[in-house]
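[1] Here is a sequence with its predicted model. Questions after.
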Amino acid sequence: MHIRVINPNTTRAMTDLIGRSARVVAARGTVVDAVQPTMGPASIESHYEEALAVPGILEQVTLGEADGVDGYVVACFGDPGLDAARELAAGPVVGIAEAAMHAASLVGRRFSVVTTLGRTRARARELAQRYGFADACLSVRACEVAVLSLDADPTGLARIVDECRSAVDDDGADAVVLGCAGMASWTSVIAGEIGVPVLDGVAAGTLLAQSLVTLGARPGAHDEYASPPAKPMAGLLAGFEIRPGAHLPTVRHAPVTRLEAVWP
Ligand code: 5HY
């Protein structure tokens, strides 16, 4: 089985981190690689950046289809481009917010999300509502550390732990969802500090995508997730045109980053 984890931003260090976090949990025999778009924002912390990340995600799904990828993880907490990716992919496509929230709902009655900047909180709450967790998602907190500062900021981890602890002590959460792919490597450290399950969507998404492939569960090729209709595409997006009789665009880019799998 081949699972491809797509970092929708264009920061190689995050792609590397995401790839490592995914490979740690993947089953022996599951090939996991991590890629990033050839175009788009260095990080995603606004609606504008989220919108501009989608063509790059679809580029990577198109390339993945040519590579015979069985399932995908969209590794950005806003789950950008998820529905569009499902129209292109033959196999399952899982978002990290979606995966982490579902996992949290199986180990806690009520969970909180701890994300990066406060401006992304509404998006997290919107996703909780979309995924059916309007009641289960108790609160969405922000550590106010920018995505690309998570590693560099010496106070970053402490600020995330503080917000996670407040989610438990003040909000009453019995599970916490990490609201950024860049937090993936801190899951067990944070769980040890706050004493409740902590769910990272990179790991949860990798395992969920792997499980869906094992179950043979893929988006229905009819109705909502059918291939997009053939249609002219103008300007910068001309490479995304789907021609009559085709199911995929003729994207001409090669992936910038492809970390070959090294499973444990
Ligand atoms: C992420 N942004 O997981 C989100 C987190 C956020 O570049 N990768 C990003 O703040 O929404």
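    Now that the structure is in, tell me what you want to look at.

[2] what ranges do the helices span in the stretch 1-150 of the chain?
    12-25, 47-66, 82-88, 96-107, 121-130 (DSSP state H, counting those that start in this stretch).

[3] just checking, what packs against the fourth one?
    This points to helix 96-107. Under the contact criterion of 3 or more CB pairs under 8 Å, 6 or more residues apart in numbering; DSSP states H and E, helix 96-107 touches strand 71-74, strand 111-115, helix 121-130, strand 175-178, strand 198-200, helix 201-215. In this view, the C-beta of every residue, glycine as well, is placed from N, C-alpha and C.

[4] try the shortest one
    With contacts taken as 3+ CB pairs under 8 Å, 6+ apart, helix 82-88 sits against helix 47-66, strand 71-74, strand 93-95.

[5] Return the residues in contact with Ala75.
    Val5, Ile6, Asn7, Pro8, Ile18, Ala22, Ala34, Ile96, Ala181, Gly201, Val202, Gly205 (CB atoms under 8 Å, 6 or more residues apart in numbering).

[6] partner residues bridging the first one?
    Here Val5 shows beta-bridge partners Ala34, Val73, assigned using DSSP bridges.

[7] what's the distance between it and Asp16?
    11 Å (CB to CB, to the nearest Å).

[8] Now do the shared contacts for these two.
    Ala34.

[9] So for the two, which sits in the more crowded spot?
    Val5 (30 against 15; other CB atoms under 10 Å).

[10] Residues of the stretch 1-150 of the chain that sit close to the ligand?
    Asn9, Ser43, Ile44, Glu45, Cys76, Phe77, Gly78, Thr115, Thr116, Thr120, Val147 (CB under 6 Å from any ligand atom).

[11] Where strands are concerned, which of the residues you listed count?
    Thr115 (DSSP state E).

[12] Pick the one among the residues of the stretch 1-150 of the chain next to the ligand closest to Ala89.
    For those, the minimum distance to Ala89 (CB to CB) is 16.4 Å, reached by Cys76.

[13] Which pLDDT value belongs to the closest one?
    Cys76 is assigned a pLDDT of 98 by the prediction.

[14] farthest pair in the residues of the stretch 1-150 of the chain next to the ligand?
    Across these, the longest distance by CB to CB is 14.8 Å; it joins Asn9 and Thr115.
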